[in-house]
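**Student:** have a look; sequence and predicted model below, questions after that.
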Amino acid sequence: MSAFVRIAANVVSGLLLAACLILPAGDARAEVRIKDIVSIQSARPNQLVGYGLVIGLNATGDSMRNSPFSESSIRSMLDQLGVGVNEVDIRTNNIAAVLVTADLPAYADKGTRIDVNVSSIGDASSLRGGTLVFTPLYGGDGEIYASAQGSLVVSGFAAEGDAAEISNNTPTSARIPNAGIVERSAPGSFADEDLLVLSLSNPDFETAISITDRINEYTREVFGQKLAQEVDNRSVRVTVPKSSSPARFYASIGKLMIAPDTPARVVVDERTGTVIIGADVKVSRVAITHGGLTVSVTEQPAVSQPNPFSRGETVAVPRTDIVVQTGDYPINIVEGTDLQQLVNGLNMMGADATAIIAILQAMRTAGALQAELVVQ
């Protein structure tokens with residue numbers, strides 16, 4: 001039986017990309033609609049939450065002993081329905097206590113249908129086949145804004161026997177499309193807006209200015225005046241003209257095309273070994289050496305057998321062999337004025353995803369990576 005421990009040593013800098021998304025340089029400044037890269041600041045959703053019960057489970061619900069709140073909830077619900085069970089010991093395993101969450105869309109009116117998410121908070125093994133009983137949903141101010149009820153849609157499953165069990169995804173979480181009904185209209189009215197604040201999905205000063213200039217170009221032609229003003233790298237203020245409704249005006253500026261600018265950025269995820277490189281990333285000329293140290297540990301226990309009819313005992317004697325191997329790697333010269341050159345430089349080094357991440361971090365420290373490095 002053997003185990004291998006690989007220690008990657010990286011000296012000075014390098015580049016990126018491994019399990020990586022490559023964006024062609026020409027696509028970096030592709031034109032997009034304004035409405036695809038901004039959102040209206042006042043048109044944000046509000047989060048709702050509620051506590052409820054799921055019934056109709058096939059013996060996969062909460063155990064009353066381990067989830068006493070489930071028993072208390074079923075007693076309270078039955079009492080409200082006129083069924084007295086105060087002196088009855090409830091022994092059921094087909095119900096589950098759950099938290100119900102949903103997003104209340106901006107400007108949602110009474111009667112609007114919304115999707116809800118349901119998650120078990122007890123020891124239920126699965127919510128498959130269950131039905132959510134009427135559950136009020138509260139906003140952050142403690143007021144009821146919606147209610148939910150309906151049959152659960154569970155993507156995962158779980159099954160078990162005396163000696164084995166199997167599960168897939170998360171059977172204790174579910175979703176119910178259109179199960180929520182808005183009982184109270186969301187605060188505000190879009191029709192009353194006279195100033196729209198556009199929030200950029202990816203904050204950038206040049207993009208904010210491009211949006212402002214394009215909107216002003218349009219409003220000068222249609223309304224005879226400039227109506228947009230950039231605020232910072234995150235937002236643009238646009239005044240709604242009196243001759244147009246806010247909805248019609250936003251629809252007209254939302255379809256205008258601009259070429260958003262993207263900062264030079266490298267994103268690495270150390271957990272998955274993913275490296276994503278932006279098309280505008282550049283690397284200064286730099287020498288890189290990448291070495292490796294492999295330690296092999298092998299266990300080969302020996303057995304000590306006593307002589308026949310003796311009082312000795314058979315014992316295992318541990319024996320461990322450790323072998324250390326080092327590799328000599330040449331120094332590589334890497335530089336890049338465009339994405340393809342950078343990728344080629346990394347591929348020539350033969351580094352894997354983990355090594356590339358370490359090289360990138362060292363390169364950023366050395367000042368050779370001309371981009372923002374984001375480590376997740």
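**Tutor:** Thanks, I have the structure now.
**Student:** what about Arg175, how many neighbours?
**Tutor:** Other residues within reach of Arg175, judged by other CB atoms under 10 Å, total 13. C-betas here are computed from N, CA, C, even on glycine.
**Student:** surely it forms part of a strand?
**Tutor:** Yes. Read with DSSP: H, G, I helix; E, B strand; the rest coil, Arg175 is one of the residues of a strand.
**Student:** I figured it hits Asp115, correct?
**Tutor:** Yes. Contact criterion CB atoms under 8 Å: Arg175 and Asp115 qualify, at 6.5 Å.
**Student:** which residue ranges of the stretch 201-350 of the chain form helices?
**Tutor:** Under the criterion DSSP state H, counting those that start in this stretch, the stretch 201-350 of the chain contains helices at 205-222, 246-254, 339-349.
**Student:** tell me which of the ones you listed lies nearest to Leu137.
**Tutor:** Nearest of those to Leu137, taken as CB to CB: helix 246-254 at 27.1 Å.
**Student:** and the closest one, what other elements does it pack with?
**Tutor:** Based on contacts counted as 3 or more CB pairs under 8 Å, 6 or more residues apart in numbering; DSSP states H and E, the elements that helix 246-254 packs against are strand 195-200, helix 205-222.
**Student:** direction included, what does the first one pair against?
**Tutor:** Here the strand partners of strand 195-200, with direction, are listed using DSSP bridges: strand 38-40 (antiparallel), strand 235-239 (antiparallel).
**Student:** got phi/psi on the residue nearest to Gly254 when sequence neighbours are not counted?
**Tutor:** The shortest distance from Gly254 to any residue that is not its chain neighbour, by CB to CB, 6 or more residues apart in numbering, is 3.2 Å, and that residue is Lys35. Taking degrees, to the nearest 10, you get phi -70, psi -20 for the backbone angles of Lys35.
**Student:** tally of neighbours for Lys35?
**Tutor:** 15.
**Student:** quick one: contacts for it?
**Tutor:** Taking CB atoms under 8 Å, 6 or more residues apart in numbering, we find Lys35 in contact with Tyr250, Gly254, Lys255.
**Student:** list only buried entries from these.
**Tutor:** When burial is judged by neighbour count using 16 or more other CB atoms under 10 Å, the buried members of the contacts of Lys35 are Tyr250.
**Student:** Lys242 - how many residues pack around it?
**Tutor:** The local packing of Lys242 (other CB under 10 Å) involves 7 other residues.
**Student:** and the pLDDT for it?
**Tutor:** Listed pLDDT for Lys242 reads 90.
**Student:** quick one: low-confidence residue ranges for the stretch 151-300 of the chain.
**Tutor:** Scanning the stretch 151-300 of the chain for pLDDT under 70 picks out 156-169, 286, 288-299.
**Student:** stretch 261-281: which residues count as buried?
**Tutor:** 261, 266-268, 273-281.
**Student:** start and end of stretch 123-141, how far apart?
**Tutor:** For stretch 123-141, the first and last residues are 30 Å from each other (CA to CA, to the nearest Å).
**Student:** ok, now how distant is Ile37 from Ile215?
**Tutor:** Ile37 sits 13 Å away from Ile215, going by CB to CB, to the nearest Å.
**Student:** related to what we said a few turns ago, and which of the contacts of Lys35 is nearest Asn202?
**Tutor:** Distance to Asn202, by CB to CB, is smallest for Gly254 among the contacts of Lys35, at 16.9 Å.
**Student:** measure that closest one to Thr92 for me?
**Tutor:** Distance, Gly254 to Thr92, using CB to CB: 53 Å.
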